[in-house]
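Engineer: Any chance you could fold what I've pasted below:
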Amino acid sequence: MKRVACVGILVADVIVEPVKEYPKKGLLAPVNSITMHNGGNAMTAAINLSKLGVPSVLVGKVGGDIFGDYLKRRLSEEGVSIDGIKTDESVQTSASVLMIEEGSGERSFFHCVGSNATFCYDDIDFSVIEKSDIVFVTGTYLMETFDGEQTMRFLKKCKEMGKITALDVCWDSKNRWGELLNCAMPYIDFFLPSIDEAKNIAGSDSLEEMSDIFFNNGVKTVVIKCGKEGCYFRASKEDKGIMIPAYRMENVVDTTGAGDSFCSGFLAALSREEPITECAKVGNATGAFCVTQKGATSGIPTYEDVISFIKSRA
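Structural biologist: This next block holds a predicted model:
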């Protein structure tokens, strides 16, 4: 089985619930619970891969604080190697405070980007990459220093080292999209954006045109996450794209992390050298399991359970 290095963002999430109203300045408002959880695309993917039986390592940066200690401990508890984590005493670990409104469940955020903003090429221990077979960069557009030229340089080196590469992105609130990512595309084997992100990167609403643009920029295989419709898969520019239908769950609790879970399932199957269409099915099924429980990692079962679920829906 291939080992996966997840490279990118990790976040400590402090969740406050339920919030009935925000207190006036200088006053206190009681809530039922204040809890800490792990978050961030790379951390979610690494934990989910471990749950799916794939050896994984996280490559990223934390600060020398209680949040960083917590995230490293959580990774170790889930069987993820922390050999690739850089601890920088000069920065704060990336953290969010989420206020969940009573009744509606709507979330409001305070976020400190912290260490994710300073994570850079020089923070990466390439001996960790050398021991991995697949390198998954996730969190693009939220890594201020690493995004763009450094991501390109890193992926280029990974390809020179003979690694399989994959990349997923987040929403780009600064609207740089392809301007920031196109330079890295020649070194991406599997490109895994959501449909809304893909539209903005490519500047097109057509799945075929989007994938054509990505292929022209150098991507080897395109997989676009299409939410409740499933995913669009196209192996190469010479191949025709196909839709792989989603799996529906009756008990949808929380959609947080569904996209990251898709990527985790896809890579879990890829690490077992399954055909790419099977990887897409496993990605859809893993994303479906994710939404049945609260949080980005709680609903992920074993790989064997995912395969049994897929067979039961055939």
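
Engineer: my guess is residue 261 meets residue 282, correct?
Structural biologist: No. Counting by C-beta atoms under 8 Å, residue 261 stays clear of residue 282, with 10.6 Å between them. Yep, even glycine has a C-beta here, placed from its N, CA and C like the rest.

Engineer: burial count for the nearest residue to residue 214 once chain neighbours are set aside?
Structural biologist: Using C-beta to C-beta, 6 or more residues apart in numbering and skipping residues adjacent in sequence, the residue nearest residue 214 is residue 222, 5.2 Å away. Counted with other C-beta atoms under 10 Å, residues neighbouring residue 222 total 26.

Engineer: And residue 222, which helix or strand is it part of?
Structural biologist: Taking DSSP states H and E as the criterion, residue 222 maps to strand 221-225.

Engineer: what packs against that strand?
Structural biologist: The contact analysis (3 or more C-beta pairs under 8 Å, 6 or more residues apart in numbering; DSSP states H and E) places strand 221-225 against strand 190-191, helix 195-202, helix 207-216, strand 231-234, helix 258-271, helix 276-290.

Engineer: got the buried residues for the second one?
Structural biologist: For helix 195-202, a neighbour-count test (16 or more other C-beta atoms under 10 Å) marks 195, 197-202 as buried.

Engineer: one step back: chain center to the strand holding residue 222: distance?
Structural biologist: Centroid separation between strand 221-225 and its chain, computed with C-alpha atoms, centre = their mean, to the nearest Å, is 14 Å.

Engineer: Now residue 292. Its backbone dihedrals?
Structural biologist: Per-residue torsions, residue 292: phi -80, psi -10 (degrees, to the nearest 10).

Engineer: can I assume it is in contact with residue 247?
Structural biologist: No. Using C-beta under 8 Å, residue 292 and residue 247 do not qualify as a contacting pair, with a distance of 11.0 Å.

Engineer: Redo the helices and strands packed on strand 221-225 as TSV? Include distance to residue 308 and mean pLDDT.
Structural biologist: Below are these laid out as TSV (distance: least, C-beta to C-beta, whole Å; pLDDT from 0 to 100):
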stretch	distance to residue 308	mean pLDDT
strand 190-191	25	98
helix 195-202	29	97
helix 207-216	30	97
strand 231-234	21	96
helix 258-271	14	94
helix 276-290	10	93
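
Engineer: Tell me which of those sits nearest to residue 113.
Structural biologist: helix 258-271 (18.3 Å; C-beta to C-beta).

Engineer: so what does the closest one touch, helix or strand wise?
Structural biologist: On a contact count with 3+ C-beta pairs under 8 Å, 6+ apart, helix 258-271 meets helix 41-51, strand 134-140, strand 164-169, strand 221-225, helix 276-290, helix 303-312.

Engineer: run the last query once more with 7 Å
Structural biologist: helix 41-51, strand 134-140, strand 221-225, helix 276-290 (3 or more C-beta pairs under 7 Å, 6 or more residues apart in numbering; DSSP states H and E).
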